[in-house]
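Peer 1: Have a look at this prediction, sequence included:
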Amino acid sequence: MDCLFCKIAAGEIPSRKVYEDEQILVFYDIEPQAPVHFLVIPKKHISSVGEITPENSQIVAHIYEVIAKLSQDLKLENGFRVVTNCGEEAGQSVPHLHFHVLAGRSLAWPPG
């Protein structure tokens, strides 16, 4: 499979890691949209939210548990945003499930 995020998860492409365990990898975005901007990805390939099933949905719960812990560790007490896009028209540029976590500035809504 020629998936950018699978290659990053496998260590074939370097990243600035924030956190890693057996199931997920968290790393800083290379084009940050806020002072704090990192991505959370499952190591196992899931193309998007549209592919979440009863068999793989536990990874999403784990991702949010880690986001909660990282928000405390990184002292994001003023707030943060978690975003995931599903499909090209929604802005998903890498077809691998990922969550953007943004913080460190006021974030407008709608985002654009």
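Peer 2: Perfect, I can see it now. Numbering: from 1, shown residues only.

Peer 1: who does the longest strand along the chain pair up with?
Peer 2: Longest strand of the chain, by residue count under DSSP state E: strand 36-42. Within its sheet, strand 36-42 is paired with strand 24-28 (antiparallel), strand 99-103 (antiparallel), according to DSSP bridges.

Peer 1: Helices along the protein, start to end?
Peer 2: Remark: helices assigned in the chain by DSSP state H are 4-9, 58-73.

Peer 1: pLDDT of the shortest one, averaged?
Peer 2: Model confidence over helix 4-9 averages 97 on the pLDDT scale.

Peer 1: can you start the count at 271 instead of 1 from here on
Peer 2: Noted, 271 is the first residue going forward, which turns the last one into helix 274-279.

Peer 1: Return the distance of that helix from the chain's centre.
Peer 2: Helix 274-279 sits 12 Å away from the centroid of its parent chain (CA atoms, centre = their mean, to the nearest Å).

Peer 1: residues making contact with it?
Peer 2: Ile283, Pro284, Ser285, Leu295, Phe297, Ile311, Lys313, His315, Val364, His366, His368 (CB atoms under 8 Å, 6 or more residues apart in numbering). (Glycine included, C-beta is placed from N, CA and C.)
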